[in-house]
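Chemist: turn this into a structure:
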Amino acid sequence: MLKKFLSQIGAYFLLLSKTIKRPQKTSVFGKLFMREIHDLGVNSFGLVLFTSIFVGAVVAIQMFNNFKASTFPIPNSFIGYATKVVLILEFAPTIISVILAGKVG
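Modeler: Take a look at the predicted model:
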């Protein structure tokens, strides 16, 4: 039992050392790395845009309903401003991260 446990720990550390060591050919590694960045990042732009449009529409509708229910009058221009602030500051990094994590997974 102990022998198997120690061999598993040793195999784990061997795998860990293989993952952190330098690649043999940096030019091949660089090309593959850039291709992965392009496949995951640039090719995901359409999906992120499509999802963000619908999330923005839902947030704008919710802002309108919340501002309409308030006790004092709020100009309609605040709906757009509040939606912009919420989407850019709060939701944009989260939406992009969830979409990219789903694509990688």
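Chemist: state the mean pLDDT of the one helix or strand Ile9 maps to.
Modeler: Secondary structure assigned from DSSP states H and E places Ile9 in helix 2-20. Mean per-residue pLDDT for helix 2-20: 90.
Chemist: same question for stretch 75-82.
Modeler: 87.
Chemist: check which residues of the longest helix along the chain are buried.
Modeler: Longest helix of the chain, by residue count under DSSP state H: helix 45-68. For helix 45-68, the neighbour count (16 or more other Cβ atoms under 10 Å) marks Val48, Ser52, Val55, Gly56, Val59, Ala60, Met63, Phe64 as buried. C-beta here means a position set from N, CA and C on the backbone, and glycine is covered the same way.
Chemist: can you put the residues you listed in a markdown table and add pLDDT and distance to Val28?
Modeler: Output for the buried residues of helix 45-68, formatted as a markdown table (pLDDT from 0 to 100; distance: Cβ to Cβ, whole Å):
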| residue | pLDDT | distance to Val28 |
| --- | --- | --- |
| Val48 | 86 | 29 |
| Ser52 | 87 | 35 |
| Val55 | 89 | 39 |
| Gly56 | 89 | 41 |
| Val59 | 90 | 44 |
| Ala60 | 91 | 47 |
| Met63 | 89 | 50 |
| Phe64 | 90 | 53 |
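Chemist: if we can go back for a sec, packing partners of the helix holding Ile9?
Modeler: Of the remaining helices and strands, none touches helix 2-20 by 3 or more Cβ pairs under 8 Å, 6 or more residues apart in numbering; DSSP states H and E.
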